[in-house]
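1. sequence plus the predicted model coming up.
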Amino acid sequence: MKTEIISSGFGGQGALTVGKFIAKAAMAEGMHVSWLPAYGPEMRGGTANVSAIVSETAIASPIVSSPDILVALNQPSIDKFGADVKEGGLMIINSDMCPDGTTRTDIEIIEAPMNLIAKEMGSDKVLNMIAIGMIIGRKNLIKFETIEADLTAFLAKKNPALLEANIKAIKKGIELGKK
Amino acid sequence: METIATRPKSLTDLQFTYCPGCLHGVAHRLIAEVMDELDMRDNTMGVAPVGCSVFAYKFFNCDMAEAAHGRAPAVATGMKRARPSMHVFTYQGDGDLAAIGTAEIIHAANRGEKITRFFVNNAIYGMTGGQMAPTSLPGMKTSTSPYGRDTDDVGFPIKVSELMSALEAPYYIERVSLLTPQDIIKAKKAVRKALLFNKEGRGFSMVEFLSTCPTNWGLDAIESLEWAKENMLPYFPLGVYRDKSVEEA
Amino acid sequence: MGEKVLMKGNEAVAEAAIRAGCRLYFAYPITPQSELIEYMARMMPKVDGTFLQASSEVAAINMVYGAAGCGRRVMTSSSSPGISLKMEGISYLAGANLPSVIVNVQRGGPGLGDIQPAQGDYFQATKGGGHGDYRLIVLAPSSVQEFADSASDAFDLADKYRIPVMILADGLLGQMMEPVEFKPAKTEAELAELDKQHLDWAMYQNKPEPNHHHHEINSLEIDPHELEKHVLKLDQKYKLIQKNEVKHEEYNVNEDNEILCVAFGTASRIVKSAIDQLKKEGHNVGLVRPITVWPYPSEAVLNAVSKNVKKVVVFELNLGQMVEDVRLAVNGKVPVDFMGKVGGLVFTPEEVKTKIEENL
């Protein structure tokens, strides 16, 4: 089993972190993982994106050209990668920032106004956690408990309020992700 | 029989390879004498340049590194950081220090590396055969300024001690001359201060020696001393350009 | 081995270098290796090491020369344009027999090029680059784990042969995160041992006669006969390294291979993906991946050209550099074909697969 993910958005939306938390959690669950960011000026302006792979076997090429999952936090992400998503794959769309959406009908789509939801939860910072939750809710890729443990270790002392918001956002994502 | 002078033990037994009338030998000896007097030899490492004094690594009787052209301050930085308890000096000429190695010297000085720089300024490239140096005087004829240094074309001689003293970090900077016996005695005092400050770990110190090059100036030893006094001393004023020990006292 | 951590290649190699006893690091910022210099800036003070941001790559490599002359484990890193600037110093390090480690996180060239992954510095790394007859040991990792492991290998080889060792990575390996398990950090006792290994030639605390030493760190031999001796001695060392230190990996190499691929570093990973896909479709394709690109695993390449191999295909992220070494190794036994990708772009497994299929 190998799952290839592209996560993409404006710089600051946390697209790269989506890939990182999934890769970290999958690693903790004993999977092979890789995380390859598009780097350079793109980080600071247009679309920041990352290729992440979770696999039961060793990963040869870390480059994702046809993702199983596309996390599109803004419209340019759909414009750039939407057509590459594998048939039957999954596209997660932040409808607040994707006015044109996608024309694909051969893939699963989870759509939600993530900016609005994040704001309701008290912090724009948790927007990307909703996307992680959606992946957990829809796909048998990583467990909620693994990511919860990772976040707790990282944030429990440093910023308990943010930890709570993150967990809440992931749970909301899981709910939205379930069919 | 009473011994009144011996070879400093900070010099090896090798015979210097310098031209007759060249003052590198004097500068070497001053440094070595002071190393002996301050009992520093066994805690000292040096860096030799590219230029006439390239073989300085054979002449100083301590561990020595031979650096690429102009890179002595960077090499010395690596040595000082690798062996912080050791005292490190470099010995460089004007082409090495003030042309190809300008970036290295300025940044080592600006960091206040706790090393000593001995800078021998004779206004010409010696080893490669008398080409124009960054310190060649206006109008001075060299093999690459055959019509005289044209300041409209290639600018003015760089005053290194003045330039370095514009930086905050250097601890001690003095320009001395090797042109008369009296000057040599004063020069030794400057070497002593520089190496003492180094020994005490106070900061970056530099002594600039005004020197000669009879061979490439096309003069004999005496004439070259006179030429330097007449032409170099007015342009490169002797004196202390920085001494933080005075400010501290 | 400790637990696995998810880390960028640039940070992993820095951490591994510190664990291997590197306590001096001099460098100048350049993309895509900036995480490496930043990691060193954060971590070196914590182990009482030296981190110094030099005024240029030229200054940095000469600081390496000074520290290496003192016999201590020292490293610098850069990316292609910066490595070009270091070439002068690298030639001096080689000429003066100085152990040292240089990391090149390659990017697209020539000139300023771009900042995306490339393998265009193969010639520079393996055939000289600086002036004069000299060699570097050049390690070409292909994963973050191997990038990290190459740090301690590089220091060990550098110390063993008194030679500069280059780790030839690229922007992808530098920027990518993968799980890494680090070797345990050297203990204080081991570090003390390291400091003793070069006392016969390095610069360090001296003693009065008769135990006084006068060590010269030097690459100058003005007498041609002396220089000849010096260079021939270097050559003996290089021959010994060629005999003892060649390393490669074989992937699906067997007697029934139809095609043999050769690729190093990042490119080899893409080739592996293509080989896996071809296997599913019933084609038997092997890969030889040089791990040392100097010394080059010529014998391994030749030996892997088994009876059914119709062609050797070389894949590189350049216009064809290592392919010359492959041609020398294969020596006309079968044709050697090449596919390159330049501009900082990386070929896809599909593109590689198509190229192999053309040759089946």
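-> Happy to help now that I have it. Predicted model only: the values in this text are computed from it and were never measured.

2. got phi/psi on residue 131?
-> Reading this off chain A. Backbone torsions for A:Ala131, taken as degrees, to the nearest 10, come to phi -60, psi -40.

3. quick one: it and A:Met114 touch, right?
-> Yes: between A:Ala131 and A:Met114 there is a contact under Cβ atoms under 8 Å: 7.0 Å. Placement of C-beta: from N, CA and C, glycine included.

4. list residues touching both of the two?
-> Counting by Cβ atoms under 8 Å, 6 or more residues apart in numbering or on different chains, the shared contacts of A:Ala131 and A:Met114 are A:Leu73, A:Asn94.

5. looking at those two, which is more packed in?
-> Neighbours were counted for A:Ala131 and for A:Met114 using other Cβ atoms under 10 Å in any protein chain shown; A:Ala131 has more, 33 against 30.

6. ok, now which ones touch the more buried one?
-> Contacts of A:Ala131 by Cβ under 8 Å, 6+ apart are A:Ser7, A:Val18, A:Val71, A:Leu73, A:Ile92, A:Asn94, A:Met114, A:Gly173.

7. and with 7 Å instead?
-> Shown here is A:Ala131, whose contacts under the criterion Cβ atoms under 7 Å, 6 or more residues apart in numbering or on different chains are A:Val18, A:Val71, A:Ile92, A:Met114, A:Gly173.

8. so of those residues, which ones are in strands?
-> A:Val71, A:Ile92 (DSSP state E).

9. out of the contacts of A:Ala131, who's nearest chain C?
-> A:Val18 (13.2 Å; Cβ to the nearest Cβ).

10. returning to that earlier point: now the contacts of A:Ala131 in CSV, with distance to B:His28?
-> Formatted as CSV, the contacts of A:Ala131 follow (distance: Cβ to Cβ, whole Å):
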residue, distance to B:His28
A:Val18, 66
A:Val71, 70
A:Ile92, 74
A:Met114, 74
A:Gly173, 75
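
11. got a markdown table for the contacts of A:Ala131, with distance to B:Ser161 and pLDDT too?
-> Below are the contacts of A:Ala131 laid out as a markdown table (distance: Cβ to Cβ, whole Å; pLDDT from 0 to 100):
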| residue | distance to B:Ser161 | pLDDT |
| --- | --- | --- |
| A:Val18 | 59 | 97 |
| A:Val71 | 62 | 98 |
| A:Ile92 | 67 | 98 |
| A:Met114 | 64 | 97 |
| A:Gly173 | 67 | 97 |
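
12. the residue in chain B positioned nearest to chain A: what's it in contact with?
-> When scored by Cβ to the nearest Cβ, chain B has B:Ala103 as its residue closest to chain A, at 27.7 Å. By Cβ under 7 Å, 6+ apart, the residues touching B:Ala103 are C:Ser55, C:Ser56, C:Ala59.

13. can you pull the phi and psi angles for the last one?
-> Dihedral angles of C:Ala59 (phi, psi; degrees, to the nearest 10) stand at phi -60, psi -40.

14. then the first one?
-> When quoted as degrees, to the nearest 10, the phi and psi of C:Ser55 stand at phi -80, psi -10.

15. count of neighbours near it?
-> For C:Ser55, the neighbour count with other Cβ under 10 Å is 18.

16. do the one 10 residues further on as well
-> Per other Cβ under 10 Å, the neighbour tally for C:Tyr65 reads 32.

17. so for it, what's the pLDDT?
-> For C:Tyr65, the pLDDT comes out at 98.

18. A:Thr47 too?
-> 79.

19. what about the worst-scoring helix or strand of chain C on mean pLDDT, near chain B?
-> For chain C, counting by mean pLDDT, DSSP states H and E, helix C:188-196 ranks last in confidence among helices and strands (a mean of 94). No: for helix C:188-196, no contact with chain B is found by Cβ under 7 Å from any Cβ of the partner chain; the gap never falls below 10.1 Å.

20. that older thread, overlap between the contacts of B:Ala103 and the residues near chain A?
-> Applying Cβ under 7 Å from any Cβ, the subset of these adjacent to chain A is empty.

21. now those as a markdown table including pLDDT?
-> Converted to a markdown table, the contacts of B:Ala103 look like this (pLDDT from 0 to 100):
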| residue | pLDDT |
| --- | --- |
| C:Ser55 | 97 |
| C:Ser56 | 97 |
| C:Ala59 | 98 |
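
22. which one of those is nearest A:Gly101?
-> C:Ser56 (50.5 Å; Cβ to Cβ).

23. which residues does the least confident helix or strand of chain C contact?
-> Applying Cβ under 7 Å, 6+ apart, the external contacts of helix C:188-196 come out as C:Gly21, C:Arg72, C:Arg73.

24. count of residues packed around C:Lys310?
-> Around C:Lys310 there are 14 other residues, counting by other Cβ under 10 Å.

25. just the pLDDT for it.
-> 96.

26. equivalent analysis for the one 10 residues further on, please.
-> According to the prediction, C:Gly320 has pLDDT 98.

27. ok, it to C:Val313 distance?
-> 12 Å (Cβ to Cβ, to the nearest Å).

28. with C:Val180 instead?
-> Distance from C:Val180 to C:Val313, by Cβ to Cβ: 31 Å.

29. go on, B:Gly139?
-> Per Cβ to Cβ, B:Gly139 is found 66 Å from C:Val313.

30. ok, these two, which is more surrounded?
-> C:Val313 (25 against 12).

31. quick check: that one touching C:Pro335?
-> No: in this structure, C:Val313 is not within contact of C:Pro335 by Cβ atoms under 7 Å, at 9.4 Å.

32. contacts only, for whatever residue of chain B ends up closest to chain C.
-> Across chain B, no residue is closer to chain C than B:Gly78, which sits at 2.6 Å (Cβ to the nearest Cβ). For B:Gly78, the contacting residues are C:Phe26, C:Asn62, C:Met63, C:Val64, C:Tyr65, C:Gly66, C:Ala67, by Cβ under 7 Å, 6+ apart.

33. if we only consider those, which is nearest to chain A?
-> Checking these against chain A with Cβ to the nearest Cβ, the nearest one is C:Phe26 at 24.1 Å.
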